[in-house]
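**Student:** The amino acid sequence is not available; the structure is as follows:
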């Protein structure tokens, strides 16, 4: 018997078993965030209900520490570190996206501080779910394999389903969580079917090898077209692209507003990271499949989102449809990905630029809505009447964010849209020019409903409104301060964001 187990013991012994090589420095942001999650769980278990105030602070510190280790990786690691046989790559693109997810997560924790009140029995679970979802986003940024992409998607999505239904005795919140969950499960099933077809066709799950197998130059078989479409449609749900957007308005309205901000920014950005990994690494050789699909999704998404947003009277639902339209703008560069004679990384950098600026202006807008709702107890646009009179600071902040979302200088949104135009015109194709025209038309439509909110705050009568100042918690002030500074600086000095985006590349192994 000893002779039988001796080889096994030899492998387990020090120096015997050799697992896959892991660069722990490159992997450190994920390790730190996982350790933070474990600490938060333990603190939650061993503290009384009314002593959980430290959990919020611990979660915030852990996210900032993880962000610090992203900086350590930038300084100490190589330009591209590949692990697990190429399934997990830490490169400039992944590091920029990880920094975006961690900063977004930190701002969401800030705006949640007074929303999820002390003494809430489930306060600990709330921050555990936020941390778990952000961890999934970090994994998604480095995933270069169908299996690792799927694991990351589930890790970020399952906590988000529960967060959407956070208000357990609120029927709207229950409906939000249920719709998000059911639609998410359906989209995941479609995506998995597409992944299984891809594996059957190529015999591999690594994106680089899939691209090599399907880039034959011949007319693609129907089964390959179906596989690529199913995989991309699965992530079309995550970014709320039309017609897979139907979950977004009710989920955004029913979920707690900090959760809505989290879904609208961080979760959507993770979906775009997955789409970029798939399109620019896995499917780049099949532009004949990807480009028509992405063109249709982009045109439909930006147009339908903006037209429906025009009719909204609730600011959260307006932001939901605005987010749909913004997703359409970000899908546009994918519609010209792989065009002959152009560098696909121009499209990558345009989307990265848009995501960085979009995160700041959207999170900031939600932070102001939360602050105003502390007084009005409503998310109706009419409830903001007279805001310039009783809360001028908040009204000006919201004006900055709305102006930026509309793409009006001097705030960051203009440069975000400019980067999309640059990618479309660089492609020099009829499809690119057509999308650019649609983007201009839709930007004008969007400016109308964004400026309508500003008009209500500035010019609508406020005779029956309590004119006492709004008391804004310090955590909300910090969140608004961070987002205002980023939104203004990226518009006035766009080189700040373009410097980061210019180092992001995906085409080829590890960029």
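**Tutor:** Noted; the coordinates are in hand. Computed from a prediction, not measured in an experiment: that's the story for all the values here. Numbers count the residues shown, from 1 in each chain.

**Student:** For the rest of this, base every contact and every neighbour count on C-alpha atoms.
**Tutor:** OK.

**Student:** For this protein, which segments count as strands?
**Tutor:** Taking DSSP state E as the test, the strands found in the chain are 80-83, 88-91.

**Student:** taking the mean pLDDT, what do you get for the first one?
**Tutor:** Looking at strand 80-83 alone, the average pLDDT works out to 78.

**Student:** what number of residues lie near the residue found closest to residue 76 once you drop the neighbours it is linked to in the chain?
**Tutor:** Sequence neighbours aside, residue 25 is the residue nearest to residue 76 in space, at 8.0 Å (criterion: Cα to Cα, 6 or more residues apart in numbering). Residues lying near residue 25 (other Cα atoms under 10 Å) number 15.

**Student:** Surely residue 25 and residue 73 touch.
**Tutor:** Yes - when contacts are counted by Cα atoms under 8 Å, residue 25 is listed as touching residue 73 (6.3 Å).

**Student:** most packed of the strands of the chain?
**Tutor:** Of these, the one with the most neighbours on average (mean count of other Cα atoms under 10 Å) is strand 88-91, at a mean of 26.

**Student:** list the helices and strands it packs on?
**Tutor:** strand 80-83, helix 123-142 (3 or more Cα pairs under 8 Å, 6 or more residues apart in numbering; DSSP states H and E).

**Student:** count of neighbours near residue 311?
**Tutor:** 11.

**Student:** ugh, typo on my part, it should be residue 437
**Tutor:** Quick note: residue 437 (other Cα under 10 Å) scores 12 neighbours.

**Student:** Distance of it relative to residue 329?
**Tutor:** Counting by Cα to Cα, to the nearest Å, the gap from residue 437 to residue 329 is 12 Å.

**Student:** so how far is residue 332 from residue 458?
**Tutor:** Counting by Cα to Cα, the gap from residue 458 to residue 332 is 34 Å.

**Student:** now do residue 227
**Tutor:** Residue 227 is 21 Å from residue 332, by Cα to Cα.

**Student:** Neighbour count: the two, which is higher?
**Tutor:** Counted by other Cα under 10 Å, residue 227 and residue 332 do not tie: residue 332 has more neighbours, with 31 against 23.

**Student:** tell me the contacts of that one?
**Tutor:** 294-295, 298-299, 420, 424, 432, 435 (Cα atoms under 8 Å, 6 or more residues apart in numbering).

**Student:** Then residue 396?
**Tutor:** residue 388.

**Student:** lowest-confidence helix or strand of this protein?
**Tutor:** helix 2-12 (a mean of 42; mean pLDDT, DSSP states H and E).

**Student:** How about the contacts made by residue 362?
**Tutor:** 261, 264-265, 401, 405.

**Student:** Mind doing that once more with 6 Å?
**Tutor:** If you count contacts by Cα atoms under 6 Å, 6 or more residues apart in numbering, residue 362 has none.

**Student:** shift numbering so it begins at 20
**Tutor:** Sure, I'll start counting at 20 from here, so that last one is residue 381.

**Student:** per-residue confidence at it?
**Tutor:** 92.

**Student:** Return the distance of residue 237 relative to residue 378.
**Tutor:** From residue 237 to residue 378 the distance is 40 Å (Cα to Cα).

**Student:** same question but for residue 440, I mixed them up
**Tutor:** For residue 440, the distance to residue 378 - Cα to Cα - is 19 Å.

**Student:** can you pull out the helices in the stretch 320-469 of the chain?
**Tutor:** Remark: helices assigned in the stretch 320-469 of the chain by DSSP state H, counting those that start in this stretch are 334-350, 363-395, 406-409, 411-424, 432-446, 449-478.

**Student:** Can I get the strands of the chain in JSON lines including distance to residue 61?
**Tutor:** As requested, those are exported to JSON lines (distance: least, Cα to Cα, whole Å):
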{"stretch": "strand 99-102", "distance to residue 61": "30"}
{"stretch": "strand 107-110", "distance to residue 61": "29"}
